[in-house]
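**Q** everything below, folded, please.
(one chain, ligands or ions: 1)
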Amino acid sequence: MSGALISESFVSIQGEGRLTGVPSWFVRFSGCNLRCAWCDTPYASWDPEGDKRSVGELVDEAKASGVAHAVVTGGEPMIFPQVVPLTHALRDAGIHVTIETAGTADQPEVHADLMSLSPKLANSTPAGDPRDPSGAWAVRHEERRLNIPVLNALIGRFPDRQLKFVVSAPEDLAEIDSLLSHLEGWSPGDVMLMPEGVKSPDPASVQWVARTCIERGWRYCNRLHIELFGDTRGT
Ligand code: SF4
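**A** Residues are numbered from 1 along each chain as shown. Alright, predicted model coming up:
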């Protein structure tokens, strides 16, 4: 694909969000405008790697996979203009398309059947991270991680969407409430809380997440792929 790196493509089970459990073909754009401290795909953000691949090649692979769902992820797929022809070609092939994005960048012509937005909270900022010795990425990340106009544009354009928040402590709720107060058109059933971590959480440590979801009509989001395959590439 001219101008865009793809770090990997594979068939697995969707592990997160409202399509959890659905066999899916994944394509991961390599490159991101953020640098989350806990990023679980550093090979597509902190240290982007991959190969340039054409839309035609990728769509042929998706069709040959035999699954009916595609997940376009990253990295940050929405910083790459190539996400537009790719998602249109997947749709034209009769494949359901989910885009997974932090919601900081838009491509107005992009197609998605499910827009999966994962706005990044303050717990994502890589303060003091040894991978960022000058601190430049921590500053950039903090400036970029929330983009209210883009989030509102994507919520408005995609009636099937979800707002997935990675949470590490109850203190994160105040930031989520503040952000939601600036967003329009969402409903409680769109909001998902996903405990931070690359291992299945200790149940006692996530009871507060479950209780919050019950109280507010939000959804608890686990990571089924971690339970099935562990924290490994290609899953
Ligand atoms: S936005 Fe996603 S891909 Fe980018 S650094 Fe954060 S977790 Fe990693």
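
**Q** in the sheet, which residues pair with the residue nearest the centre of the chain? Tell me.
**A** Centroid-nearest residue in the chain, with Cα atoms, centre = their mean: Glu100, separated by 3.6 Å. Partner residues in beta bridges with Glu100, using DSSP bridges, are Ser116.

**Q** which pLDDT value belongs to it?
**A** At Glu100, the model reports a pLDDT of 98.

**Q** can you pull the contacts of it?
**A** Applying Cβ atoms under 8 Å, 6 or more residues apart in numbering, we find Glu100 in contact with 71-74, 77, 116, 118. Where you see a C-beta, it was placed from the backbone N, CA and C, and this is true even at glycine.

**Q** most neighbours out of those, which is it?
**A** In terms of neighbours by other Cβ atoms under 10 Å, the contacts of Glu100 top out with Pro77 at 29 neighbours.

**Q** check the gap between it and Val97 for me.
**A** Distance, Pro77 to Val97, using Cβ to Cβ, to the nearest Å: 11 Å.

**Q** do Gln82 as well
**A** For Gln82 relative to Val97 (Cβ to Cβ), the value is 14 Å.

**Q** surely Asp160 meets His111?
**A** No - applying Cβ atoms under 8 Å, one finds Asp160 not in contact with His111, separated by 12.0 Å.

**Q** those two: which has the busier surroundings?
**A** Using other Cβ under 10 Å as the criterion, Asp160 and His111 rank with His111 on top: 20 against 13.

**Q** check what pLDDT that one gets.
**A** 98.

**Q** run a quick check on it versus Val97, I expect a contact.
**A** Yes - between His111 and Val97 there is a contact under Cβ under 8 Å: 6.1 Å.

**Q** ok, the closest residue to Val67 other than its chain neighbours - contacts?
**A** The spatially closest residue to Val67, leaving aside those adjacent along the chain, is Pro23, at 4.6 Å (Cβ to Cβ, 6 or more residues apart in numbering). Pro23 makes contact with 11-14, 67-69, according to Cβ under 8 Å, 6+ apart.

**Q** anything in contact with each of His111 and Val97?
**A** Common neighbours of His111 and Val97 (Cβ under 8 Å, 6+ apart) are 87, 90-91.

**Q** which residues are in contact with the helix or strand of the chain with the lowest mean pLDDT?
**A** Lowest on mean pLDDT, DSSP states H and E among the helices and strands of the chain sits helix 224-229, with a mean of 81. The contact list for helix 224-229, computed with Cβ under 8 Å, 6+ apart, reads 12-16, 20-21, 198-200, 235.

**Q** the residues you listed also near the ligand: which ones?
**A** Checked against the ligand using Cβ under 6 Å from any ligand atom, the contacts of helix 224-229 yield no neighbours at all.

**Q** filter the residues you listed to the buried ones?
**A** Burial by neighbour count, judged by 16 or more other Cβ atoms under 10 Å, picks out 12-16 from the contacts of helix 224-229.

**Q** any chance of those residues in CSV, plus pLDDT and secondary structure?
**A** Shown next, in CSV, are the buried ones among the contacts of helix 224-229 (pLDDT from 0 to 100; DSSP: H, G, I helix; E, B strand; the rest coil):
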residue, pLDDT, secondary structure
Ser12, 95, strand
Ile13, 95, strand
Gln14, 95, coil
Gly15, 92, coil
Glu16, 93, coil
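
**Q** pull up the residues of the chain that are close to the ligand.
**A** Checking the chain against the ligand by Cβ under 6 Å from any ligand atom, the hits are 32, 34-36, 39, 41, 44-45, 74-76, 102.

**Q** having no further points to raise, I will conclude here.
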